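Peer 1: how would this look folded up:
(one chain, ligands or ions: 1)
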Amino acid sequence: MPIANGDGALAGTPLRREIENLDYRDALKVLEAEYPSKDGLDIHTLLDSKENGALTYNDFLILPGYIGFAAAEVTLDSPVTKRISLKTPLLSSPMDTVTEENMAIHLALLGGLGVIHHNCSADEQADMVRKVKRYENGFISDPIVLSAKTTVGEAKELKEKWGFGGFPVTETGELKSKLIGIITTRDIQFHPRPDDLVTEVMSTDLITAPAGTTLAEANAVLRESRKGKLPIVDNEGNLVSLLSRSDLLKNLNYPLASKMPHSKQLISAAAIGTRPDDKNRLQKLVDAGLDIVVLDSSQGNSLYQIEMVKYIKETYPQIDVIAGNVVTREQAASLIAAGADGLRIGMGSGSACITQEVMAVGRPQAAAVFAVSSFAARFGVPCIADGGIQNVGHIVKGLAMGASTVMMGGLLAGTTESPGNYFVSREGKLVKAYRGMGSIDAMEDKKAGGGAKDSKASNAGTARYFSEGDRLLVAQGVSGSVLDRGSVTKFVPYLLAGLQHSLQDIGSKSLVELREDVVSGKVRFELRTVSAQAEGNVHGLDSFDKKLYS
Ligand code: IMP
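Peer 2: Got it, this is the predicted structure:
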């Protein structure tokens, strides 16, 4: 395509005549030869310059490049450890208001990874890992099950509580026990005697499918059967999972799902600390099927963590270890030398974090990500930009600084898949609780919403922010709330589409290409003054609605 005609600064000049009938790319070459210094800054000039100071994501912009492809063509595959790659470069933080099994399952289905928190007992955490590994798209692996002793009144209460009325009935009321019937709303709705047992009213002419049935096969049986629920049973007739008609339409295909290639199970990741007790915890997680362990510390360059990395690499060579957190090359060097398969970068940039204020340590996030990931790249160790991600632009900037993936806490805490319930704030907004793991609340609690049974001494969950000998808890985080963001099944596709459009504007067709283009100096940057930042945000409007996607 010839470049556009019109009166520009070059109009009528010999240079203009030379380029006007050329293809865009050839014209660009002629212009580059004429004006050898490129517009904007290369990444080193942007970040290594002492005059600029250490930068955060808001301090710079990426200059647009050339669009030669559709946004949908942009691919986002990226490694999270030396051995494991994801199709979506998004991780959720190991925090008790962000990642339990529901978040981990849904993020994995969407191609990312949820790191299960450890502010709970080892058994509870292992149970969550097991649920991720056992999850099969479309099958309900932990259905509400009634027992032969459940009464009609109790079944009605359960229906009220959960909002649906079809429950399988087994001998013991547990999964893995013999299936004896199914209760539907119609069976109990107008039943006059609440004290009758469900066994008196349940349907017993059951249509079931055997364990191992694929989702497509099970859906076909369900469609044929005209029933609301299809119980999946093993050889002995024990209930193993359930398929629901109302979920039929929701059983979307997840082509990006993060799966281990050999087992086809979802990839599971969980965090632990570096205390001796954490070795027992890890054993339980490994028994539950863990693939990636994240050593959760705000300052990862410690004797304890280095020893833990070595111990894990020796004891469980099949498990990948992500070490951290780090913000300097020296910290990274210790952990890479110990054998880390990935690094987590960030100190003090988290939205619920007061580390920099209280400890006077940390580093602005863009500077930290660039320093560590450009160093780690020499050893083939992928890095996670952890914390401070408030929008799609920050994700792009973290990745442009060299991170392979980004980790988010606050941005995902308001989704339906995070733990906890929504509530209405004093201002009348729908919100969910979000708290730093170094907040006094989190350090004192064993698990959000309770549930952990063991004592604090045996609970390594809060070890990220205090040592056992500490008499006084010094907070490094706050607790608060975040706005409702709906389901990650909508929010994550929005983030991904935004990411694709951004890479298209930059002119890089994949994350690999983006990293190469940044290193080669093709991708250019610009510093942002305070007034440039104000200009780049909505301004001058009396009021506005900031709806991000539809
Ligand atoms: P966000 O995405 O900006 O909300 O940051 C999430 C990240 O903050 C987590 O992945 C942790 O690295 C970090 N973080 C979590 N809790 C605390 C805390 O209490 N103090 C400091 N940093 C925290």
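Peer 1: Ala368 belongs to a strand, doesn't it?
Peer 2: No: counting by DSSP: H, G, I helix; E, B strand; the rest coil, Ala368 is not part of a strand but helix.
Peer 1: what's the neighbour count on the residue nearest to Tyr316 when sequence neighbours are not counted?
Peer 2: Spatial nearest neighbour of Tyr316, excluding adjacent residues (C-beta to C-beta, 6 or more residues apart in numbering): Val286 at 5.7 Å. No exception for glycine: its C-beta is placed from N, CA and C like everyone else's. Val286 has 19 neighbours, counted by other C-beta atoms under 10 Å.
Peer 1: just checking, Val286 touches Pro317?
Peer 2: No: the pair Val286 and Pro317 does not pass the contact test of C-beta atoms under 8 Å, sitting 11.4 Å apart.
Peer 1: rewinding a little: helix or strand for the residue nearest to Tyr316, which one?
Peer 2: Element membership for Val286 (DSSP states H and E) is helix 277-287.
Peer 1: List the contacts of that helix.
Peer 2: Here helix 277-287 makes contact (C-beta atoms under 8 Å, 6 or more residues apart in numbering) with 118, 122-123, 125-126, 129, 270, 272, 290, 293, 308, 311-312, 316, 319, 458, 460, 463.
Peer 1: pLDDT (mean, whole number) over whichever helix or strand comes after it?
Peer 2: Where DSSP H and E defines the elements, the next helix or strand beyond helix 277-287 is strand 292-295. Average pLDDT, strand 292-295: 98.
Peer 1: Tell me the helices and strands packed up against strand 292-295.
Peer 2: strand 113-116, strand 269-272, helix 303-315, strand 320-326 (3 or more C-beta pairs under 8 Å, 6 or more residues apart in numbering; DSSP states H and E).
Peer 1: Can I get the ones you listed in CSV including distance to the ligand and mean pLDDT?
Peer 2: Formatted as CSV, these follow (distance: least, C-beta to the nearest ligand atom, whole Å; pLDDT from 0 to 100):
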stretch, distance to the ligand, mean pLDDT
strand 113-116, 8, 98
strand 269-272, 9, 98
helix 303-315, 15, 97
strand 320-326, 6, 97
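Peer 1: TSV for those, including mean neighbour count?
Peer 2: Output for those, formatted as TSV (neighbours: other C-beta atoms under 10 Å):
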stretch	mean neighbour count
strand 113-116	30
strand 269-272	28
helix 303-315	17
strand 320-326	29
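Peer 1: Could you say which one of those comes nearest to Met202?
Peer 2: Closest to Met202 of the helices and strands packed on strand 292-295 is strand 113-116 (C-beta to C-beta; 35.8 Å).
Peer 1: Which residues belonging to whichever helix or strand comes after that closest one are considered buried?
Peer 2: Once the chain leaves strand 113-116, the next helix or strand it forms, by DSSP H and E, is helix 122-134. Neighbour-count burial for helix 122-134 flags 122, 124-134 (criterion: 16 or more other C-beta atoms under 10 Å).
Peer 1: show me which of these neighbour the ligand.
Peer 2: Contacts with the ligand within these, counted by C-beta under 6 Å from any ligand atom: none were found.
Peer 1: out of the residues you listed, what pair is the most spread apart?
Peer 2: So, those by C-beta to C-beta: farthest apart are Ala122 and Arg134, at 18.2 Å.
Peer 1: who in the stretch 201-350 of the chain is up against the ligand?
Peer 2: So far as C-beta under 6 Å from any ligand atom goes, the stretch 201-350 of the chain lies against the ligand at 325, 346, 350.
Peer 1: switch the cut-off to 8 Å
Peer 2: 298, 325, 344, 346-350 (C-beta under 8 Å from any ligand atom).
Peer 1: The stretch 301-450 of the chain: helices as residue ranges?
Peer 2: 303-315, 329-338, 355-359, 365-376, 392-400, 410-413, 440-444 (DSSP state H, counting those that start in this stretch).
Peer 1: tell me the most buried of the ones you listed?
Peer 2: Sort those by mean neighbour count, taking mean count of other C-beta atoms under 10 Å, and helix 410-413 sits at the top with a mean of 27.
Peer 1: Name all residues that make contact with Ala269.
Peer 2: Per C-beta under 8 Å, 6+ apart, neighbours of Ala269: 91, 104, 113-116, 290-294, 322.
Peer 1: what's around the closest residue to Arg245 other than its chain neighbours, how many residues?
Peer 2: Leaving aside its chain neighbours, Arg245 sits nearest to Gly228 (4.9 Å; criterion: C-beta to C-beta, 6+ apart). Look at Gly228: counted by other C-beta under 10 Å, it has 16 neighbours.
Peer 1: tell me the contacts of the residue of the stretch 1-150 of the chain found nearest the ligand?
Peer 2: Distances between the stretch 1-150 of the chain and the ligand by C-beta to the nearest ligand atom are smallest at Ser93, namely 3.2 Å. Residues counted as contacts of Ser93 (C-beta under 8 Å, 6+ apart) are 99, 115, 117, 386-387, 407-409, 412.
Peer 1: where's it relative to Thr170, distance?
Peer 2: Ser93 is 37 Å from Thr170, where distance means C-beta to C-beta, to the nearest Å.
Peer 1: Could you count how many residues lie near the nearest residue to Leu215 once chain neighbours are set aside?
Peer 2: Excluding the flanking residues, the one nearest Leu215 by C-beta to C-beta, 6+ apart is Gly138, at 4.4 Å. When neighbours are defined as other C-beta under 10 Å, Gly138 has 21 of them.
Peer 1: Please identify the helix or strand for Gly138.
Peer 2: Short version, using DSSP H and E: Gly138 is in no helix or strand.
Peer 1: any low-confidence regions in this protein?
Peer 2: Confidence mapping of the chain against pLDDT under 70 gives the ranges 1-11, 36, 137, 163, 246-252, 446-471.
Peer 1: Looking at it, which helix is longest?
Peer 2: Longest helix in the chain, counting residues (DSSP state H): helix 488-506.
Peer 1: Following that one in sequence, what is the next regular element?
Peer 2: Helix 488-506 is succeeded, C-terminally, by helix 511-520 (DSSP H and E).
Peer 1: could you give the angle of that following helix to helix 488-506?
Peer 2: Between helix 511-520 and helix 488-506, the angle comes out at 40 degrees (axes from the mean of the first three to the mean of the last three C-alpha atoms, to 10 degrees).
Peer 1: other SSEs contacting helix 511-520?
Peer 2: helix 392-400, helix 488-506.
Peer 1: and the longest one with helix 392-400, angle?
Peer 2: Here the directions of helix 488-506 and helix 392-400 differ by 60 degrees (the same axes, to 10 degrees).
Peer 1: mind saving the C-alpha coords of helix 488-506 as CSV?
Peer 2: The C-alpha trace of helix 488-506 is given here as CSV (Å, rounded to 0.1, in the frame of the first residue of the first chain):
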residue,chain,number,x,y,z
VAL,A,488,-13.7,-14.6,35.5
THR,A,489,-15.3,-16.4,32.6
LYS,A,490,-16.1,-13.0,31.3
PHE,A,491,-13.5,-10.8,32.9
VAL,A,492,-10.4,-12.9,31.8
PRO,A,493,-11.6,-13.0,28.1
TYR,A,494,-11.9,-9.2,28.3
LEU,A,495,-8.3,-9.0,29.6
LEU,A,496,-7.1,-11.3,26.9
ALA,A,497,-8.9,-9.4,24.1
GLY,A,498,-7.4,-6.1,25.5
LEU,A,499,-4.0,-7.7,25.5
GLN,A,500,-4.3,-8.8,21.9
HIS,A,501,-5.4,-5.3,20.8
SER,A,502,-2.5,-3.7,22.6
LEU,A,503,0.0,-6.0,21.1
GLN,A,504,-1.5,-5.3,17.7
ASP,A,505,-1.0,-1.5,18.3
ILE,A,506,2.6,-2.2,19.3
